[in-house]
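> sequence and predicted structure below; questions after.
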Amino acid sequence: MEKYIPREKRRKSLKESAHSLELAYARNMAEYELEVGDGDRFIDCAKEKEIQVYGMSTVLRGRFLKIAIVAAFNDDYVTVTKVRQRLGASRAALDVMINECEDAGWIRVKRNKQNYRSIQAAEILVENWIAYVDHNKEMTNKYKLREIRTTLLNIKELLETKLALQGRQSA
């Protein structure tokens, strides 16, 4: 038979476990981010490797590509004005990125009668993103991020339930 542990010690133990899990999650997330940031995911296609290098070269370029990808997933184009507002980028910086990515075949640019532009990711950029997401799934499993997070949430829910029940009992 297991030794009886008083309620207050059990609660403290759960809180300590939750804290330990939060620290483990933070550490594993940092390791995950470092490995992802190293950009050493194996890519055998030169054009896809070029996309990876471009997207990781600056935060602005990476976010620009993601905005175009989201537009493609939404089966829509996003106006350059909205991209500029979202990124906080200058018109000149945005023009350079649009020209570079259009010339490389990574984005589609649609122009209206007033020559206003809208963009969305081309198929190669979307496929590259999907490969990246698949790689991240493996990385998430490697660092057990989902398991740690789920366990942490379950402990916190248990603590909240216990406190609610104790509040009812003492009322």
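Thanks, I have the structure now.
> please make it C-alpha for all contacts and neighbour counts, starting now.
Will do.
> avg pLDDT for the lengthiest helix in the chain?
Longest helix in the chain, counting residues (DSSP state H): helix 7-38. Averaged over helix 7-38, pLDDT sits at 84.
> just stretch 128-135 next, same as before
Rounded mean pLDDT across stretch 128-135 is 92.
> ok now it, how far from the chain's centre?
12 Å (C-alpha atoms, centre = their mean, to the nearest Å).
> pull out the buried residues from that stretch.
By 16 or more other C-alpha atoms under 10 Å, the buried positions in stretch 128-135 come out as N128, W129, Y132.
> which one of the residues you listed is nearest D75?
W129 (15.5 Å; C-alpha to C-alpha).
> so the closest one versus N154, what's the distance?
Per C-alpha to C-alpha, to the nearest Å, W129 is found 32 Å from N154.
> ok, I148 next?
10 Å.
> also P6?
21 Å.
> the more surrounded of the two?
Taking neighbours as other C-alpha atoms under 10 Å, P6 and N154 compare with N154 leading, 13 against 8.
> wasn't the more buried one part of a strand?
No. Counting by DSSP: H, G, I helix; E, B strand; the rest coil, N154 is located in no strand; its state is helix.
> now stretch 57-73: buried residues?
60-72.
> list the contacts for the residue nearest to I51 when sequence neighbours are not counted?
The spatially closest residue to I51, leaving aside those adjacent along the chain, is L125, at 7.4 Å (C-alpha to C-alpha, 6 or more residues apart in numbering). By C-alpha atoms under 8 Å, 6 or more residues apart in numbering, the contact list for L125 reads E48, I51, I69, W106, I107.
> neighbours around the second one, how many?
Taking other C-alpha under 10 Å as the neighbour definition, I51 ends up with a count of 20.
> tell me which element it is part of?
Taking DSSP states H and E as the definition, I51 sits inside helix 46-57.
> now that helix: buried residues?
Applying 16+ other C-alpha under 10 Å to helix 46-57 flags K47, E48, K49, I51, Q52, Y54, G55, M56 as buried.
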